[in-house]
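1. Below is the structure, and that's it, no one-letter string:
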């Protein structure tokens, strides 16, 4: 039997639900409170992420969208209580302005390294779109009972991209703003200058104990944020902080503009 998802324990009430069989190695995160569970992103939609969530909690689930790209909203269709920042809400409502064949080709860009669910058919793959049930703004606090998470608007990768900061634990969920690998800022809907400002914004946070990214390795050193900030400063000093200037390799990460 296939095992598309990998569940990794962050602590007793926090789990990463990962899709390591796909080349993007996408992570969603389940936070369990006393009244609700909070699911940060829902992955690619290749498998049914709700089945994995149901193994971990019976609480009502609120879904928080870090941004409205297909690899982060694929499982939204399995849930009813969807949150998204106001600047990405129109995409969630009307759909991404990208042809479906381009999206399908991206999903199968590299061979899967794990067996996919039998029901998965790339020819039938569609991207979720619907009205969101809650519009988020910067600094909005989500209370799930004994746990509070703060919304940080961090545009650049998308207009409404957000990070989420659980200040009591020091957990920072970074979506596609911070991870090891290539940071994509070359699409027309991305904004290199806003991305740099967003990095500066989270550099100002105090008491971060753990960085939980949207892709690739989970074990990130805390100084990665400062490293990425310094890289943006270097690019800007060379007057290259603009679309089309190329891909810059800094070792653990690259910045593609």
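-> Yep, it's here. Remember, it's a predicted structure, so these values are computed and weren't measured experimentally.
2. Residue 62 is in what secondary structure piece?
-> For residue 62, the host element (DSSP states H and E) is strand 61-64.
3. Which residues are in contact with residue 130?
-> Counting by C-beta atoms under 8 Å, 6 or more residues apart in numbering, residue 130 touches 76, 82, 92, 93. (C-beta placed from N, C-alpha, C; glycine too.)
4. cool, residue 40 as well?
-> The contact partners of residue 40, by C-beta under 8 Å, 6+ apart, come to 28, 29, 30, 31, 64, 66, 164, 173.
5. Shouldn't the first one be within a helix?
-> Read it as residue 28. No. Judged by DSSP: H, G, I helix; E, B strand; the rest coil, residue 28 forms no part of a helix; its state is strand.
6. Now residue 88: closest residue in space that isn't a chain neighbour?
-> In space, and not counting its chain neighbours, residue 88 is closest to residue 160: 2.9 Å by C-beta to C-beta, 6 or more residues apart in numbering.
7. could you check the distance from that neighbour over to residue 154?
-> According to C-beta to C-beta, to the nearest Å, residue 160 and residue 154 sit 10 Å apart.
8. Show me which of those two is the more surrounded one.
-> Using other C-beta atoms under 10 Å, the more surrounded residue of residue 160 and residue 154 is residue 154, with 29 against 23.
9. Next, work out how far apart that one and residue 178 are.
-> Distance, residue 154 to residue 178, by C-beta to C-beta: 9 Å.
10. any shared contact partners between those two?
-> Joint contacts of residue 154 and residue 178 (C-beta under 8 Å, 6+ apart) are 163, 202.
11. burial count for residue 222?
-> Residues near residue 222, counting by other C-beta under 10 Å, number 12.
12. With residue 28 instead?
-> Neighbour tally, residue 28, other C-beta under 10 Å: 26.
13. quick one: contacts for it?
-> Going by C-beta under 8 Å, 6+ apart, residue 28 touches 16, 17, 18, 39, 40, 41, 42, 43, 49, 72, 75.
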